[in-house]
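1. structure of the sequence below:
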Amino acid sequence: MNDNITIRSETALLEVQPHRNGNNKLSGLNPPHGGILTELLADPERRVQLRVESPAWPSWDLTARQLCDLELLLSGGFSPLQGFMSQSDFESVCSSMRLRNGLLWPMPVTLDVTDEMSKKLKPGAILALRDPEGVMLAALHVQELWQPDRLAEAEAVFGTTSKSHPGVSYLLDQVNPWYVSGIVEGMQLPHHYDFCQLRLTPAQIRAEFLQLGWQRIVAFQTRNPMHRAHFELTLRAAKQLGANVLLHPSVGMTKAGDVDHYTRVRCYQALLPHYPRGIAKLALLPLAVRMGGPREALWHAIIRKNYGCDHFIVGRGHAGPGNDSDGNPFYGPYDAQALLQKYQLELCVEMVPFKMMMYLEDRDCYEAEDEIVAGDQVANVSGTQLRCLLNRGKSIPSWFTFSEIAAELRRTYKPRSEQGFTVFLTGLSGAGKSTIANVLLAKFLELGGRPVTLLDGDIVRKHLSSELGFSKEHRDINIRRIGFVASEITKNGGIAICAPIAPYNSVRKEVRAMVEPGGGFVLVHVATPLEICEQRDRKGLYAKARAGLVQQFTGISDPYEIPADAEVILDTTGITADEAADKILAYLVQEGFVSGCELHETTAYSGAVAEHSSD
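-> All right, here's what the predicted structure looks like:
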């Protein structure tokens, strides 16, 4: 790690004494990691003093990840940490999965800030940490500032520097260049308006466990809705261990594409009554997951230890991000189980292996994968198949999930014919995007049933991005604005038609990621060749670009990155705009976003379907 530009205060850690919960052995429950539940909320009198002094301090608005980390610091979920890690702790964690005092801890917990903010700080200063609305949540007593080697951090923590790993991508592309360490004094926990009764701190959950008489607790971590197999797994684990179950889903930042936490929590609530009375409890964990595989599984176990649990269920590929760009998994399927098993005696949290539960049609029951015998008829519904059933509005088998869970999923995931969607046309100037977009607009309005909005590149430039130029930075900002508006239209059941040039792959992918959680996203590459676009040149822009009068012009002095992920590719050289629009409609019908019976059976449309089907 780069320590040549570290700024350090040797006395900063001695200046503050955070509040701690001194009850380090709650009767019958697993003690917190390190022996003491470290709650960092200051006493009421101290909070008044901090509030009075705070106007003189610099302020930092926490990112979504930092907000999650701060909440777990303040509540004791990250015990024994007293604040954001020092450089020596950070480097020790990266290299050996231990704090500098030797205590097991596998994941860095750091506060990253911008160059601009780093210039306002020095060791011994106090930084006000605020939520996005400006509410002060904590005071950070600055100990050190340093610039880490983030590539080395990625390799150490995630075992790769590939940006196809979401944890690495976030670290290299979104984390700010300076890390700030120091003790935290909390003013208040972040405020949540949803599921408040389920957002319990470690101390609150421990108190409830004692009140209920629970002494042996197995925790189950999930980022997805729970179906019958998960239910059978947790119920079996409880019976075999003589334990109670804490369903403890992560509801902070999760993996892109995950079911939103509102839907998931409603599913968990609907599942609870199916457990025998008094066996299971549901609580929410405000954790920003890193998808760090084995290290993260160990981290999850430490956090659950702080909540009073002594067993932790670890599944196949726990906390893994899937495959790399070559299709190979980042981590082995049982690496997470092996790592936790290695340290379970030291940690005092027993690893419970997640055994895949399989439904046997002939016996109408679930059995563990290793208990299936020859001749058993196994049925399964994959995640892809489930999404297909939801998209097509088809019934979900009752053996796969409880009817209450299916109903909750259907409330969020309407059939595609009832969802909003975005058609995003990209291509060179003069390719035909705007004309095709206008034809689509007319056809959708003719169909009716959903509101339709056209976000043409020139129109957006005039009304939404008039202050922007044509540098790559400004072009990306413009496309992100289009993507945001399109995502809002889509998630509210409308149709957004976007027709910018959008020459860069990275920002197009950002837009897709913004839109897809709320509905459909169809990328259309209008792949009309450059020479045809120049021949059309209705605005004379290509001529000016060739003459050097227009700078940063896509296709001439600035690149156009051809999309490899387009759902529809059109070359308008030999087809009309109506024919091009019909090809897009054919794809939408094929994918279920538009019903074929809704459309007028015109000759042009019927021909387009036939042509599309034969490709």
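2. now do the buried residues in the host helix or strand of Arg461.
-> In this structure, Arg461 is located in helix 457-463 according to DSSP states H and E. For helix 457-463, a neighbour-count test (16 or more other CB atoms under 10 Å) marks Gly457, Val460 as buried. For every residue, glycine as well, the C-beta is placed using N, CA and C.
3. next secondary structure after that helix?
-> Counting by DSSP H and E, what follows helix 457-463 is helix 472-491.
4. return that next one as PDB; C-alpha atoms alone will do.
-> Taking C-alpha atoms only, helix 472-491 is exported to PDB below (Å, rounded to 0.1, in the frame of the first residue of the first chain):
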ATOM      1  CA  LYS A 472     -16.700  13.100 -23.100                       C
ATOM      2  CA  GLU A 473     -17.500  14.100 -19.600                       C
ATOM      3  CA  HIS A 474     -20.400  16.300 -20.700                       C
ATOM      4  CA  ARG A 475     -21.700  13.700 -23.200                       C
ATOM      5  CA  ASP A 476     -21.800  11.100 -20.400                       C
ATOM      6  CA  ILE A 477     -23.600  13.500 -18.100                       C
ATOM      7  CA  ASN A 478     -26.200  14.200 -20.800                       C
ATOM      8  CA  ILE A 479     -26.800  10.400 -21.400                       C
ATOM      9  CA  ARG A 480     -27.100   9.800 -17.600                       C
ATOM     10  CA  ARG A 481     -29.800  12.400 -17.400                       C
ATOM     11  CA  ILE A 482     -31.600  10.800 -20.300                       C
ATOM     12  CA  GLY A 483     -31.200   7.400 -18.500                       C
ATOM     13  CA  PHE A 484     -32.500   8.800 -15.200                       C
ATOM     14  CA  VAL A 485     -35.600  10.200 -16.800                       C
ATOM     15  CA  ALA A 486     -36.200   7.000 -18.800                       C
ATOM     16  CA  SER A 487     -35.800   4.900 -15.600                       C
ATOM     17  CA  GLU A 488     -38.500   7.000 -13.900                       C
ATOM     18  CA  ILE A 489     -40.900   6.700 -16.800                       C
ATOM     19  CA  THR A 490     -40.200   2.900 -17.100                       C
ATOM     20  CA  LYS A 491     -40.700   2.000 -13.400                       C
END
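5. mind giving me the packing neighbours of the helix holding Arg461?
-> Packing partners of helix 457-463 (3 or more CB pairs under 8 Å, 6 or more residues apart in numbering; DSSP states H and E): helix 433-447, helix 472-491.
6. closest to Ala229 out of those helices?
-> helix 472-491 (29.5 Å; CB to CB).
7. average pLDDT across the closest one?
-> Taken as a whole, helix 472-491 has a mean pLDDT of 92.
8. contacting residues around Leu103?
-> Leu103 makes contact with His33, Gly34, Pro80, according to CB atoms under 8 Å, 6 or more residues apart in numbering.
9. one more time with 10 Å
-> By CB atoms under 10 Å, 6 or more residues apart in numbering, the contact set of Leu103 is His33, Gly34, Gly35, Pro80, Leu81, Asp89, Ser92, Ile302, Glu346.
10. picking up where we left off before, now render the helices and strands packed on helix 457-463 as a markdown table, adding distance to Asp456.
-> Shown next, in a markdown table, are these (distance: least, CB to CB, whole Å):
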| stretch | distance to Asp456 |
| --- | --- |
| helix 433-447 | 5 |
| helix 472-491 | 10 |
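11. Asp112: which of those helices is closest?
-> helix 472-491 (20.7 Å).
12. excluding its backbone neighbours, what's nearest Asp370?
-> In space, and not counting its chain neighbours, Asp370 is closest to Lys355: 6.6 Å by CB to CB, 6 or more residues apart in numbering.
13. quick check: the gap between that neighbour and Ala229.
-> For Lys355, the distance to Ala229 (CB to CB, to the nearest Å) stands at 10 Å.
14. quick revisit: Serialize the contacts of Leu103 to a markdown table and add fields for distance to Leu441, neighbour count and secondary structure.
-> Converted to a markdown table, the contacts of Leu103 look like this (distance: CB to CB, whole Å; neighbours: other CB atoms under 10 Å; DSSP: H, G, I helix; E, B strand; the rest coil):
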| residue | distance to Leu441 | neighbour count | secondary structure |
| --- | --- | --- | --- |
| His33 | 58 | 25 | coil |
| Gly34 | 61 | 19 | coil |
| Gly35 | 65 | 12 | coil |
| Pro80 | 59 | 19 | coil |
| Leu81 | 54 | 23 | coil |
| Asp89 | 57 | 21 | helix |
| Ser92 | 59 | 20 | helix |
| Ile302 | 54 | 25 | helix |
| Glu346 | 63 | 9 | helix |
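15. give me the below-cutoff pLDDT ranges for the chain.
-> Residue ranges of the chain with pLDDT under 70: 1-27, 597-615.
16. if I look at the residue of the chain most remote from its centre, how far off is Leu541?
-> Relative to the centre of the chain, the most outlying C-alpha is that of Ala547, 46.0 Å out, by CA atoms, centre = their mean. Taking CB to CB as the measure, Ala547 falls 11 Å from Leu541.
17. do the same with Leu246
-> 62 Å.
18. the more surrounded of these two?
-> With neighbours defined as other CB atoms under 10 Å, Leu246 and Leu541 compare such that Leu246 has more, 25 against 19.
19. what kind of secondary structure is that one in?
-> Here Leu246 is recorded as strand under DSSP: H, G, I helix; E, B strand; the rest coil.
20. which residues does Gly332 contact?
-> Contacts of Gly332 by CB under 10 Å, 6+ apart are Gly293, Pro294, Arg316, Gly317, Gly320, Ala338.
21. need phi/psi at the third one.
-> Right, Arg316. When read as degrees, to the nearest 10, the backbone of Arg316 gives phi -70, psi 120.
22. swap in the first one?
-> Main-chain torsions, Gly293, degrees, to the nearest 10: phi 60, psi -130.
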